[in-house]
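**Student:** sequence and computational prediction follow.
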Amino acid sequence: MNSDNVKKGLTRAPHRSLLKANGLTDEEINRPLIGVCNSANEIIPGHIHLDRISQAVKDGIRMAGGTPIEFRTIGVCDGIAMGHAGMKYSLVSRELIADSIEIMAEAHGFDGLVLVTNCDKIIPGMIMSALRLNLPTILVSGGPMLAGQCPGIGTVDLISVFEAVGKVSAGEMSEDQLKILEEYACPTCGSCSGMFTANSMNCLSEVLGIALPYNGTILAVDSARVRLAKKAGMRIMELAKNNVKIRDVVNYISFENAIAVDMAIGASTNTVLHLPAIANEAGIDLTLDIFDRISKNVPNLCKISPAGFHHMEDLNRAGGIPAVMKELCEAGLLNAGARNVSGETIGEIAQKARNFDTSVIRKVSDPYSREGGIAILKGNIAPDGSVIKQSAVASKMMTHKGPAKVFDGEEQCLAAVLEGKIEKGDVVVIRDEGPRGGPGMREMLAVTSAISGKGLGEYVALLTDGRFSGGTRGACIGHISPESAAGGPIACIKDGDIIEINIPERKLNVHLSDSEISNRLKKIKRAEKKLTGILARYSLLVQSAATGAILKDKL
């Protein structure tokens with residue numbers, strides 16, 4: 001066992017003494033030591049209940065003859081961090097989470113890991129650590145929250161509240177109505193109820209093979225969630241006993257499958273940041289071109305909020321991710337031989353599944369669209385690529401041409417939207433929000449929601465070298481690379497420049513000649529931001545969004 005390095009032999013008597021100080025018996029010390037990384041805290045609704053999930057995991061480990069050892073990691077609630085300087089720390093936390101788990105696992109010689117997570121950057125950070133460490137590992141999520149039921153409105157979620165801010169500003173909703181909405185939108189613990197980043201990543205973890213089936217969709221308040229956690233605890237013991245490491249399960253084919261399901265379910269654009277960063281830990285190069293190739297071949301089968309009116313509870317009731325995989329496998333769009341930590345192949349999981357509601361999970365023969373949920377656009381604004389959730393774009397905005405309105409930073413733009421300075425036909429440009437320039441590549445949900453709340457969602461496009469929440473809808477193009485801070489062409493766009501977007505043809509261009517772009521870029525003098533602490537270190541090390549915003553190993 002890996003843990004023998006810290007507990008076996010004459011020279012490890014001091015180590016055993018310290019383990020006994022924790023209350024462990026000789027019998028417990030002699031069993032496999034399984035690290036249980038619990039990201040519970042009292043600020044994230046998706047994590048506030050994770051102590052119960054972690055306890056269930058530990059119960060499963062003990063039932064199967066192992067010794068669980070729990071430790072903690074941090075987490076940021078993207079919704080609470082949204083719209084202010086706090087969002088600069090969200091993507092940064094992904095790397096810190098991965099590093100902290102590496103430190104705990106390597107320092108203490110665990111024989112396996114169970115990673116208990118639920119939201120946004122915590123999930124990819126944990127999976128990155130898993131592939132880096134290459135131990136027997138299973139990911140367990142806390143599950144999605146229920147959608148809210150608001151009197152006078154109906155089914156609502158967090159995005160309903162963000163968009164309502166724009167409606168109040170436009171005079172279409174009163175502040176009293178907004179107060180009622182905020183009371184009902186997030187009714188339970190769990191990750192926010194749409195196909196936002198957290199639920200997207202938890203769903204894709206099943207397809208990657210690092211999580212048990214239904215990890216992504218069983219509700220946080222469902223007793224089945226606790227039973228799933230116990231099964232994960234029992235299953236990790238089988239993996240540890242047989243030394244089945246996570247890279248024995250997850251490989252390049254796993255990522256292709258995950259991208260295919262990503263396209264089918266209309267997942268968050270943040271998956272295009274996280275999957276390449278996770279793959280990088282296993283030495284796999286996952287380029288933007290791979291996403292676009294798969295997108296052109298895999299149809300969009302689900303429209304979960306914000307793309308449609310269904311929520312995660314509907315997807316779970318319809319059969320969850322196994323049912324989605326069943327539809328894709330039957331059409332030959334997944335590699336059925338890929339593995340899962342359950343011990344089954346993707347094909348075996350799909351074969352047992354059933355699609356109980358084809359209005360939620362459409363058949364491949366009757367998709368919402370013939371292409372997947374995400375598209376990669378390139379052009380003279382984004383030579384290295386940009387990302388859009390095309391499944392959440394109105395048909396009239398699939399092609400668009402309009403004048404630029406340029407803002408250096410999110411705050412300037414949000415103020416302009418709320419003050420009514422954005423008009424139909426405009427192309428809003430927010431720059432200096434990339435991984436290095438932000439730093440931290442903030443999400444723009446407050447801006448995009450305000451635009452939708454103002455009734456402009458079907459008339460206005462938004463471009464940024466920052467990124468979007470999985471809850472964003474509309475013609476919102478993010479991850480523009482190279483970013484402004486790296487001298488990307490987005491840095492030279494001026495108010496009034498005509499920008500042309502063509503999503504079907506994957507094009508994003510400003511009506512400027514190459515020489516004009518070059519001349520403008522030469523004249524730009526960028527003032528360096530005064531940074532301290534982790535943001536200063538991150539800004540020095542982070543690479544392009546086109547790479548997944550991974551960090552350099554050295555300067």
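**Tutor:** Received, thanks.
**Student:** quick one, strands of the stretch 301-450 of the chain?
**Tutor:** 374-377, 385-389, 399-408, 427-431 (DSSP state E, counting those that start in this stretch).
**Student:** before we move on, what about the chain?
**Tutor:** Assigned by DSSP state E, the chain shows strands spanning 33-38, 67-72, 112-117, 137-141, 148-150, 154-156, 374-377, 385-389, 399-408, 427-431, 461-464, 476-481, 498-502, 507-510.
**Student:** and the longest one, average pLDDT?
**Tutor:** This means strand 399-408. Averaged across strand 399-408, pLDDT comes to 97.
**Student:** now the angle from that strand to strand 498-502?
**Tutor:** 130 degrees (axes from the mean of the first three to the mean of the last three Cα atoms, to 10 degrees).
**Student:** what residues sit buried inside strand 399-408?
**Tutor:** Buried residues in strand 399-408, counted by 16 or more other Cβ atoms under 10 Å: 400, 402, 404-407. C-beta here means a position set from N, CA and C on the backbone, and glycine is covered the same way.
**Student:** and what of the first one?
**Tutor:** For strand 33-38, a neighbour-count test (16+ other Cβ under 10 Å) marks 33-38 as buried.
**Student:** reformat the residues you listed as JSON lines; add distance to residue 104 and pLDDT.
**Tutor:** What follows is the buried residues of strand 33-38, written out as JSON lines (distance: Cβ to Cβ, whole Å; pLDDT from 0 to 100):
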{"residue": "33", "distance to residue 104": "12", "pLDDT": "98"}
{"residue": "34", "distance to residue 104": "12", "pLDDT": "98"}
{"residue": "35", "distance to residue 104": "6", "pLDDT": "98"}
{"residue": "36", "distance to residue 104": "11", "pLDDT": "98"}
{"residue": "37", "distance to residue 104": "7", "pLDDT": "98"}
{"residue": "38", "distance to residue 104": "11", "pLDDT": "98"}
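**Student:** single out the most deeply packed of the strands of the chain.
**Tutor:** Stretch with highest mean neighbour count among the strands of the chain: strand 137-141 (a mean of 31; mean count of other Cβ atoms under 10 Å).
**Student:** what about that strand, distance to the chain center?
**Tutor:** Strand 137-141 sits 15 Å away from the centroid of its parent chain (Cα atoms, centre = their mean, to the nearest Å).
**Student:** ok, the most centrally placed residue in the chain - contacts?
**Tutor:** Central residue of the chain (Cα atoms, centre = their mean): residue 197, 3.6 Å from the mean position. When contacts are counted by Cβ atoms under 8 Å, 6 or more residues apart in numbering, residue 197 is found next to 78, 119-120, 268, 270-271, 469-470.
**Student:** at 7 Å instead, please
**Tutor:** 120, 268, 270, 469-470 (Cβ atoms under 7 Å, 6 or more residues apart in numbering).
**Student:** could you do residue 462 as well?
**Tutor:** 428, 447-448, 451, 475-477.
**Student:** at 6 Å instead, please
**Tutor:** Residues in contact with residue 462 (Cβ atoms under 6 Å, 6 or more residues apart in numbering) are 428, 476.
**Student:** would you mind naming the residues that bridge with it?
**Tutor:** Residue 462 forms beta bridges with residue 428, residue 476, as assigned by DSSP bridges.
**Student:** hang on, the earlier thing: and the strands of the chain as JSON lines, adding distance to residue 61?
**Tutor:** Formatted as JSON lines, the strands of the chain follow (distance: least, Cβ to Cβ, whole Å):
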{"stretch": "strand 33-38", "distance to residue 61": "5"}
{"stretch": "strand 67-72", "distance to residue 61": "4"}
{"stretch": "strand 112-117", "distance to residue 61": "7"}
{"stretch": "strand 137-141", "distance to residue 61": "11"}
{"stretch": "strand 148-150", "distance to residue 61": "35"}
{"stretch": "strand 154-156", "distance to residue 61": "38"}
{"stretch": "strand 374-377", "distance to residue 61": "37"}
{"stretch": "strand 385-389", "distance to residue 61": "38"}
{"stretch": "strand 399-408", "distance to residue 61": "51"}
{"stretch": "strand 427-431", "distance to residue 61": "46"}
{"stretch": "strand 461-464", "distance to residue 61": "44"}
{"stretch": "strand 476-481", "distance to residue 61": "39"}
{"stretch": "strand 498-502", "distance to residue 61": "51"}
{"stretch": "strand 507-510", "distance to residue 61": "49"}
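**Student:** burial check on residue 292, number of neighbours?
**Tutor:** When neighbours are counted by other Cβ atoms under 10 Å, residue 292 registers 22.
**Student:** how far away is it from residue 391?
**Tutor:** 14 Å (Cβ to Cβ, to the nearest Å).
**Student:** cool, and residue 261?
**Tutor:** 13 Å.
**Student:** neighbour count: those two, which is higher?
**Tutor:** residue 261 (30 against 27).
**Student:** got the contact list for the nearest residue to residue 70 once chain neighbours are set aside?
**Tutor:** Of all residues not flanking residue 70 in the chain, residue 36 sits nearest, at 4.5 Å (Cβ to Cβ, 6 or more residues apart in numbering). Shown in contact with residue 36 (Cβ under 6 Å, 6+ apart): 54, 57-58, 68, 70, 114.
**Student:** chain center to stretch 278-289, what's the gap?
**Tutor:** Relative to its parent chain, stretch 278-289 has a centroid offset of 16 Å by Cα atoms, centre = their mean.
**Student:** quick one: buried residues of it?
**Tutor:** 278-282, 284, 286, 288.
**Student:** wait, what's in contact with residue 75?
**Tutor:** Contacts of residue 75 (Cβ under 6 Å, 6+ apart): 39, 41, 44, 47, 122.
**Student:** tell me the most packed of those residues, by neighbour count.
**Tutor:** Top of the contacts of residue 75 by neighbour count (other Cβ under 10 Å): residue 122, with 30 neighbours.
**Student:** now the helices for the stretch 251-400 of the chain?
**Tutor:** 252-265, 271-281, 288-295, 312-318, 320-330, 346-352 (DSSP state H, counting those that start in this stretch).
**Student:** kind regards, and thank you for your time.
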